[in-house]
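Sequence and predicted structure below; questions after.
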Amino acid sequence: MSDLADIISRNEEQIRADWIRDMRQTVQRADLMSKTELDEQCATFLNAVVAGVRGTGSTDVTTAGWTPAREFLEGISASRARQGFSPTEVATFVLSLKQPLFAAIRHDMSKSQDKAFDAIWSATELVDRLALITTEAYIATREELILRQQQELMELSTPVVKLWEGILALPIIGTLDSARTQVVMENLLQAVVSTNSKYAIIDITGVPTVDTLVAQHLLKTITAARLMGAECIISGVRPQIAQTIVHLGINLEDVTTRAKLADALALALQMSGRTVVRTTAAAAAPKAILAGPLAKQEG
Amino acid sequence: MERIPVLRMGSLLLITIQVDMHDKLALQLQDDVTSRIAEWGSTGVLIDISSLEIVDSFIGRMLANIAAMSRVLGAETIVVGMQPAVAITLVELGMSLPGVRTALSVEAGMELLYGAGAGFRTGSDDERDQA
């Protein structure tokens, strides 16, 4: 093992030069990273590898002696993932170290084949393990991104709007799963309390499919609202969904449903003892507005 | 011994639960409510649970029991002011309290019991409409 460390430190300059040259030929992304930055990263990483091999005497990169190298690698992998490098490009940063390493081993150990073979095996093992670390760090960064976007999406997609004094609407867009139902339920019930609303309209126009699970989630929300003293109306039931509900045998007998949000609002207004009346003044208003500019033009 | 007060408001009973419920308290409350309905001839019972933060299946069953008992005695029960968290918990426990009527506030509950426009108006809703 110490052989490997010796070889690396003896040929450090040469290895680094070869390595950078190789990388530039294969995957260097001049649009994403400057030459000096790459050189700096290579030098720092190579030093960390030498320190790792020297310190631990093994290629087991999970040990404490390898921590600086590991952390450095994770750091650049994560930053490259954010910059938009592909997984291949990130892994190649480490994997392209192999060829210059092998060349150095061949050069230094031409006398003993056995020794050279041992050194090559250690080098391969080491580089592969380091490459796996970059891939893991890359994926972890991406996962983080996906998770954050999921959360943002969830928060964005469950607004509760007030349609009238005492009437709320909750337009649901996207599929309802357990986690989202929880957020929807909490938002709706909180809004019911804060606005003191007796009627809540759940609009499912934006829900692509309604299966038994989604229906169960909806019923849960409706029951919870009822327990608090608010009544729910489901609106936006498309003909296709109405058919699915009946075919699946979902019992929505106790739930008021309407085809359109407008119908549901009319029903809620009616149930709260209000009627919508068209006044003559309002009917005449559009004419007056139209007449204004037209009259001017004619004049 | 601590006891949950049962207040008389005209033909209604008002019960405000503000302490943690336990078996004895619940049984005592059931006794009190049924005997008060019989004594005063109340036609409605309002149970205000707006200050109740934690609920379990026991309290859920107690509410359903009181509602059923009152109905037998000719009084309608309305549970008012349930908190969102409490409602979610009850639903998760599978207790939808089918026989219990609910309202958002004591005011709304009274309106329900007296019937819209039958001598008792809270007024606030109509004032807002006119404004």
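Yep, that arrived.

Test my guess that A:Ile7 contacts A:Asp118.
No. In this structure A:Ile7 lies outside contact range of A:Asp118 using Cβ atoms under 8 Å: 11.5 Å. Any C-beta I mention is one placed from the backbone N, CA and C, and that applies to glycine too.

between these two, who's got more neighbours?
A:Ile7 (22 against 16; other Cβ atoms under 10 Å in any protein chain shown).

And the pLDDT for the more buried one?
As predicted, A:Ile7 sits at a pLDDT of 81.

What's the separation between it and B:Ala108?
Applying Cβ to Cβ, to the nearest Å, the value for A:Ile7 to B:Ala108 is 83 Å.

Where does the prediction get shaky in chain B?
B:1, B:116-131 (pLDDT under 70).

Point to the residue nearest the middle of it.
For chain B, the residue nearest the mean C-alpha position is B:Ile47 (2.0 Å; Cα atoms, centre = their mean).

Could you look up the SS state of it?
Here B:Ile47 is strand, with the state taken from DSSP: H, G, I helix; E, B strand; the rest coil.

Just to check, it is in contact with B:Glu76?
No. Using Cβ under 8 Å, B:Ile47 is not in contact with B:Glu76, being 11.5 Å away.

how would you label the residue in the stretch 151-299 of chain A positioned nearest to chain B: helix, strand or coil?
Using Cβ to the nearest Cβ, A:Leu189 is the residue of the stretch 151-299 of chain A that sits closest to chain B, at 3.4 Å. Per three-state DSSP, the secondary structure class of A:Leu189 is helix.

Spatially nearest residue to it (excluding sequence neighbours)?
Nearest non-adjacent residue to A:Leu189, counting by Cβ to Cβ, 6 or more residues apart in numbering or on different chains: B:Pro84, 3.4 Å away.

what about the nearest residue to A:Glu74 once chain neighbours are set aside, how many neighbours?
Distances taken as Cβ to Cβ, 6+ apart put A:Ala137 closest to A:Glu74, at 4.1 Å, once the chain neighbours are dropped. Applying other Cβ under 10 Å, we find 22 residues neighbouring A:Ala137.

My guess is the residue of the stretch 151-299 of chain A closest to chain B contacts A:Leu227. True?
No. Using Cβ under 8 Å, A:Leu189 is not in contact with A:Leu227, being 9.2 Å away.

Now do the shared contacts for these two.
Listed contacts common to A:Leu189 and A:Leu227 are B:Ala87; contacts here mean Cβ atoms under 8 Å, 6 or more residues apart in numbering or on different chains.

Residue numbers of chain B in contact with chain A?
Within chain B, the positions near chain A by Cβ under 8 Å from any Cβ of the partner chain are B:79-84, B:86-88, B:90-92, B:96-97, B:102-105, B:108-109, B:116, B:125, B:128-129.

pLDDT weak spots in the stretch 101-250 of chain A?
If you take pLDDT under 70 as the line, the stretch 101-250 of chain A has these spans: A:157.

Would you map the helices across it?
For the stretch 101-250 of chain A, the helices defined by DSSP state H, counting those that start in this stretch cover A:113-156, A:178-195, A:212-228, A:239-248.

quick one, which of the ones you listed is packed in tightest?
Stretch with highest mean neighbour count among the helices of the stretch 101-250 of chain A: helix A:212-228 (a mean of 21; mean count of other Cβ atoms under 10 Å in any protein chain shown).

quick revisit: check contacts around the residue nearest to A:Leu189.
A:186, A:189-190, A:192-193, A:224, A:228.

ok, now which ones touch residue 105?
Went with chain A since none was named. A:4, A:7, A:116, A:119-120, A:123.

should've been chain B
Counting by Cβ under 8 Å, 6+ apart, the residues that B:Ser105 touches are A:196, A:229, B:50, B:80-81.

all helices for chain B, in order.
When assigned using DSSP state H, the helices of chain B occupy the ranges B:23-40, B:57-72, B:84-92, B:106-114, B:124-130.
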